[in-house]
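Trainee: give me a 3D structure for the following:
(chains A and B)
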There are 2 protein chains.
Amino acid sequence: MMDLRVELTKNPKEKPQGNLGFGKYFTDHMFVMDYSPENGWYNAAIVPFGPIEVSPACMCLHYGQEVFEGMKAYRNSEGGVQLFRPEENFKRLNVSNDRMCIPKFDEAFLLDALMKLVEIDQEWVPREEGASLYIRPFIIGTEPSLGAHSSTHFKFLIIMSPSGAYYETGLAPVKIYVETKYVRAVTGGTGFAKTAGNYAASMKAQDVAAEEGYSQVLWLDGVERKYVEEVGAMNVFFKLGDEIVTPALDGSILSGITRKSVVDILKSWGMNVQERMLSIDELVQAYKDGKLEEAWGTGTAAVISPIGELKYGDLVMEINQNQIGPISQKLYDTLTGIQWGKIEDTFGWVKKVD
Amino acid sequence: MMDLRVELTKNPKEKPQGNLGFGKYFTDHMFVMDYSPENGWYNAAIVPFGPIEVSPACMCLHYGQEVFEGMKAYRNSEGGVQLFRPEENFKRLNVSNDRMCIPKFDEAFLLDALMKLVEIDQEWVPREEGASLYIRPFIIGTEPSLGAHSSTHFKFLIIMSPSGAYYETGLAPVKIYVETKYVRAVTGGTGFAKTAGNYAASMKAQDVAAEEGYSQVLWLDGVERKYVEEVGAMNVFFKLGDEIVTPALDGSILSGITRKSVVDILKSWGMNVQERMLSIDELVQAYKDGKLEEAWGTGTAAVISPIGELKYGDLVMEINQNQIGPISQKLYDTLTGIQWGKIEDTFGWVKKVD
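Mentor: You can find the predicted model right below:
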């Protein structure tokens, strides 16, 4: 296995106080690793966090060959630090790599390197209720050349940011509208990869939604503009009578780790959860029939984000009287309970840092 | 108008000799300008070319909020330097900005700044036949924060690269296959914007094509997988009997400046050129009827790229006996003649550098 060089900072930073926000402060160290055709992935190191120097011709600044992951380290009830299914993030990152022509990496090595990095910066894992250390592994194409082809050189980094509770005043339902103009991703495209361009493509719709007083948009498929895909940058679930539905992974939807965990938890509760195609028309009919009982987004940042209002054209659908539903609440409590070590992890999802 | 600070290099580089390739060498200077919510676009300067320092949390490394342009400066027959329709590039860049949530800039100021930059580095414009100075304006989101929303801060740069002739051994037809698995862009997406994610999304198909001995792929629309869109990163034209067809700009196709110029030239020749939807089935039928007489891509790098072979599934369509057709050749001679100042510019497209 590759060596991991460790260079500790000589100038530890002061830790931020008060409202941490999201992704604004960074810990004392970061992980870096390079790729060249001659060496493969090499030069792995934990070094002091700091700016990186790139050529202005660096390919990732022009052609977007960039993939990333997002996960968190949590302060558990014994005062220790733990991660939630980190191996799934590295597995998915290699799936993204394959789509985006980025060379695959050794997942076991990266997991070890990450555990070491978190261990070194463990004092940065917040102790405040609901706060956590957000972890961002990412890879960028670094060849300093303007030819519009896959980069020959890459850089892998992991940076970490102590971040505040997503819900400062408790779990709260959001207002969402169904996007009919803009498209996030399409079959044959990059929707299933966690890559830069998907997020850049989504910003316009997000800005328009914010101007109109909505938190996010519900994305429909790019072909028929009919099937539900994601909500904002989250996966989405609907409780339709006795069935809980989440869109099937058809190539344009990100395979969320929170999504996968929610499916497993619901199944463990004996609930009828289906991964299948779900059209907006079916959703509207369920609403009209009084069967649209709950809806929520799932993602690393929010964990569970209940949807209180869904607008489709002129139709405003209020869900569960704009209140958090019992399943949403129970899922939130269970997932966050496991993540922060407050309840027993019967799934084996938690990985403790020494 | 904004001030333009000029800081000349104290260490001029040696100019590269021999095969320049494309986008590998860079001139002595570059243009830089910043954006912040407080200042708008500010701090415009021509400075020595060199690496830039960014936070590893710099948003463009994660969410792909990046737009760019490509144009060339040419050494004309009097030994002077001239550009080809540069105002069109800045106009299009602002169109890309609008889609990608990047603040618009003053096109007249940028054009002046570019002319000054080219003037300063004019000795870098190659004198070899077919060689030129490739110019790359680009804008990146620079907020050092991981929230998945539009960046608050941006950087605008222009870098320039002396590049060799696209066709080292003269204009030559290429082999293309029709892509049926991967999709480049879709209506409602970002296809009409010159933005990073479109290029990242295209790389996989390009790599597969190269492995199979093809230069590029012909992209079909992402909805019906039926209508012709672009070829590689170029616009595409087909001569079908007496009609010359190029796909209409429907939102998923880049509005090429070479495309636009080719349409104008063909019209000036009294030819029947149509911007309309063109299905792959119509193309196949035209081939079978002996009416697919010529096909070519258009773009800044290649100018005109004749297509000699087009493969669709098992059907291999040879076009004009895999030879350059008379229209392709005449267009190439006319456009490059105007660009390099060898023939009269009756369109008013050329802008000379003092």
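Trainee: could you use CA atoms for every contact and neighbour count after this?
Mentor: Fine.
Trainee: looks like A:Ser305 contacts A:Gln323 (just checking).
Mentor: No - if you go by Cα atoms under 8 Å, A:Ser305 and A:Gln323 don't touch, sitting 11.6 Å apart.
Trainee: shared neighbours, the two?
Mentor: Common contacts of A:Ser305 and A:Gln323 (Cα atoms under 8 Å, 6 or more residues apart in numbering or on different chains): A:172-173.
Trainee: low-confidence bits of chain A, can you list those?
Mentor: A:1 (pLDDT under 70).
Trainee: circling back to that earlier point, who's more crowded, A:Ser305 and A:Gln323?
Mentor: A:Ser305 (26 against 17; other Cα atoms under 10 Å in any protein chain shown).
Trainee: can you list the strands that the strand or helix carrying that one pairs with?
Mentor: For A:Ser305, the host element (DSSP states H and E) is strand A:303-312. Under the criterion DSSP bridges, strand A:303-312 sits next to strand A:174-178 (parallel), strand A:292-299 (antiparallel), strand A:315-318 (antiparallel) in its sheet.
Trainee: winner for burial among these?
Mentor: strand A:292-299 (a mean of 24; mean count of other Cα atoms under 10 Å in any protein chain shown).
Trainee: residues in contact with it?
Mentor: Contacts for strand A:292-299 (Cα under 8 Å, 6+ apart): A:231, A:233-241, A:256-259, A:283, A:286, A:303-308, A:319-320, A:325, A:327-328.
Trainee: likewise for stretch A:347-354?
Mentor: Everything outside stretch A:347-354 that qualifies as a contact, by Cα under 8 Å, 6+ apart, is A:80-86, A:115, A:118-119, A:338-339.
Trainee: make it 7 Å
Mentor: For stretch A:347-354, the surrounding residues in contact (Cα atoms under 7 Å, 6 or more residues apart in numbering or on different chains) are A:81-85, A:115, A:119, A:339.
Trainee: just the CA coordinates for it, please, in CSV.
Mentor: These are the backbone C-alpha positions of stretch A:347-354, laid out as CSV (Å, rounded to 0.1, in the frame of the first residue of the first chain):
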residue,chain,number,x,y,z
PHE,A,347,-27.2,-1.8,10.8
GLY,A,348,-23.4,-1.6,11.3
TRP,A,349,-23.2,1.8,9.6
VAL,A,350,-21.1,3.7,12.0
LYS,A,351,-17.3,3.8,11.9
LYS,A,352,-15.6,5.1,15.0
VAL,A,353,-12.4,7.1,14.9
ASP,A,354,-9.7,5.8,17.4
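Trainee: report the distance from that stretch to the chain centre.
Mentor: 19 Å (Cα atoms, centre = their mean, to the nearest Å).
Trainee: can you mark which positions in it are buried?
Mentor: Within stretch A:347-354, the residues scored as buried using 16 or more other Cα atoms under 10 Å in any protein chain shown are A:349-351, A:353.
Trainee: what's the answer for stretch A:182-190, then?
Mentor: Using 16+ other Cα under 10 Å as the test for burial, stretch A:182-190 gives A:182-190.
Trainee: show me where chain A has its helices.
Mentor: A:60-63, A:86-99, A:107-120, A:196-211, A:257-268, A:280-288, A:326-339 (DSSP state H).
Trainee: touching chain B at all, the shortest one?
Mentor: Yes - on the criterion Cα under 7 Å from any Cα of the partner chain, helix A:60-63 is in touch with chain B at A:61-63.
Trainee: what's the answer for the fourth one, then?
Mentor: Yes - residues of helix A:196-211 are located near chain B by Cα under 7 Å from any Cα, namely A:196-197, A:199-201, A:203-204.
Trainee: how is chain A divided into domains?
Mentor: A:5-163, A:174-339 (automatic domain parsing).
Trainee: so which of those gets nearest B:Gln216?
Mentor: For the domains of chain A, proximity to B:Gln216 was assessed by Cα to Cα; domain A:5-163 is nearest, at 10.9 Å.
Trainee: report the distance from the closest one to the chain centre.
Mentor: Distance, centroid of domain A:5-163 to centroid of chain: 14 Å (Cα atoms, centre = their mean).
Trainee: ok, the spatially closest residue to A:Tyr42 that is not a sequence neighbour - how many residues close by?
Mentor: In space, and not counting its chain neighbours, A:Tyr42 is closest to A:Asp34: 5.4 Å by Cα to Cα, 6 or more residues apart in numbering or on different chains. The number of residues packed near A:Asp34 is 19, by other Cα under 10 Å.
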